[in-house]
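Trainee: sequence and computational prediction follow.
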Amino acid sequence: MWTYDKMLEYPIKIKNPNPAMAKLIVTQYGGPDGELAASLRYLSQRFTMITPEAIATLNDIGTEELAHLEIIGTMVRQLMKGATPEEIERAGAGGYYADHDKGVYPQSAAGAPFTAAYIQVKGDPIIDLTEDLAAEQKARGTYEWLINMADDPDVIEPLKYLREREVVHYQRFGEALRIVQDYLQEPRLFIMPKPDFLRN
Amino acid sequence: MVNNQRFRDNLYNESSMPMNKCIPQEMVIENVRLAAAYVPYQKLCELFNPLESLRKGTAFPELYSPYEARDKKYKLKSSEY
């Protein structure tokens, strides 16, 4: 079960529409290393995770990724909102406009629709957490390339914020992996003394 | 609210939670095995105040690693990746 706060985790107020940037940023909505993939990955992997700490880490970070999805969706919306069809076409987002108008659709920057093939749930805690570490790095990279292409501080500041969150998540997943590794290495051999009535 | 005024003050204070100075991470990882990945445990030492944390994206000074954007016109030299 979830509770919902009717506010964004980080405020978004983009004054100037920029359809070209919207088309790029949408990749963090439904692209291969985007927030939708991240939240589905963590929230699905948590069912087979072991140790309370690692389960909670997946649950909490998966939930936060949903909040990031909301931030990215808001950014795409605000970047498209004030633009005319002509401006959208000139910005190279005509293909997006033809399919989705100014709607927010989960796709990559190159237009590939979202697919669950972006994520994996392997059922083994070490495998899954190792994937999660890689996923955080890939998301950090995507945010950095987006920051390189952005000019507007209204866009750059939230992107920097989201990028820093990926760094923090990496640390948390690394600690979860340590806890799981330590747990799996603990000796679990329980010896019961033979009861008296079975002795000859 | 427990103490609304104090909470509001803390939002703006330079450091709302000045804890004892310490090294914010595990320094030696024991029982390291081959073919495994290790990230040192973080230890809680200091925190940014809530407003700073929101702006930066983390409450932990030791995890804050801002990214400097590459200049759009900058071409990488062949020696760089």
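Mentor: Received, thanks.
Trainee: closest to the centroid, which residue in chain B?
Mentor: Among the residues of chain B, B:L63 comes closest to the average C-alpha position under C-alpha atoms, centre = their mean, at 2.3 Å.
Trainee: residues from chain A in reach of chain B?
Mentor: A:10, A:130, A:133, A:143-144, A:147-150, A:156, A:160-165, A:167-168, A:170-171, A:173-175, A:177-178, A:181, A:185 (C-beta under 8 Å from any C-beta of the partner chain). Just so you know, the C-beta spots here come from the backbone N, C-alpha and C atoms, and that holds for glycine as well.
Trainee: which non-adjacent residue is nearest the residue of chain B found nearest chain A?
Mentor: Relative to chain A, the nearest point of chain B is B:V39 (2.4 Å; C-beta to the nearest C-beta). In space, and not counting its chain neighbours, B:V39 is closest to A:G174: 2.4 Å by C-beta to C-beta, 6 or more residues apart in numbering or on different chains.
Trainee: do B:N31 as well
Mentor: Counting by C-beta to C-beta, 6+ apart, the residue nearest B:N31 is A:Q185, at 7.3 Å.
Trainee: now name the helix or strand holding the residue nearest to B:V39.
Mentor: In the assignment (DSSP states H and E), A:G174 maps to helix A:153-185.
Trainee: repeat that for A:V104.
Mentor: Assigned by DSSP H and E, A:V104 belongs to neither a helix nor a strand.
Trainee: was I right about it contacting A:L79?
Mentor: No. A:V104 is beyond contact range of A:L79, at 10.2 Å (criterion: C-beta atoms under 8 Å).
Trainee: between those two, which has more neighbouring residues?
Mentor: Remark: of A:V104 and A:L79, A:L79 carries more neighbours, 28 against 18, as counted by other C-beta atoms under 10 Å in any protein chain shown.
Trainee: gap between the helix or strand where A:G141 lies and the chain center?
Mentor: In this assignment (DSSP H and E), A:G141 forms part of helix A:125-149. With C-alpha atoms, centre = their mean, to the nearest Å as the basis, helix A:125-149 stands 8 Å off its chain's centre.
Trainee: let me see the contact set for A:T130.
Mentor: A:L177, B:A37 (C-beta atoms under 8 Å, 6 or more residues apart in numbering or on different chains).
Trainee: do that again at 7 Å, thanks
Mentor: When contacts are counted by C-beta atoms under 7 Å, 6 or more residues apart in numbering or on different chains, A:T130 touches B:A37.
Trainee: got a pLDDT number for it?
Mentor: A:T130 carries a pLDDT score of 98 in this model.
Trainee: same question, A:K81
Mentor: At A:K81, the pLDDT value in this model is 96.
Trainee: how many residues are close by it?
Mentor: There are 12 residues near A:K81, going by other C-beta under 10 Å.
Trainee: which one is the residue nearest to the centre of chain B nearest to, not counting chain neighbours?
Mentor: Nearest to B:L63 is A:V168, by C-beta to C-beta, 6+ apart, at 5.4 Å.
Trainee: tell me if I'm right that the one you found and B:S65 touch.
Mentor: No. A:V168 is beyond contact range of B:S65, at 9.9 Å (criterion: C-beta atoms under 7 Å).
Trainee: can you report how many residues lie near the residue nearest to B:L63?
Mentor: With other C-beta under 10 Å as criterion, A:V168 counts 20.
Trainee: can you give me the pLDDT of it?
Mentor: For A:V168, the model assigns a pLDDT of 98.
Trainee: could you check how far it is from A:Y4?
Mentor: From A:V168 across to A:Y4, the span is 22 Å (C-beta to C-beta, to the nearest Å).
Trainee: helices along chain B, start to end?
Mentor: B:4-12, B:50-56 (DSSP state H).
Trainee: can you flag the weakest of those helices by average pLDDT?
Mentor: helix B:4-12 (a mean of 64).
Trainee: any idea how far B:I29 is from the residue found closest to A:Q181 once you drop the neighbours it is linked to in the chain?
Mentor: Once flanking residues are discounted, A:Q181 sits nearest to B:A36: 6.2 Å by C-beta to C-beta, 6+ apart. Distance of B:A36 to B:I29, computed by C-beta to C-beta: 10 Å.
Trainee: give me the number of residues near the residue of chain A found nearest chain B?
Mentor: Of all residues in chain A, A:G174 sits closest to chain B, at 2.4 Å by C-beta to the nearest C-beta. Using other C-beta under 10 Å, A:G174 has 19 other residues around it.
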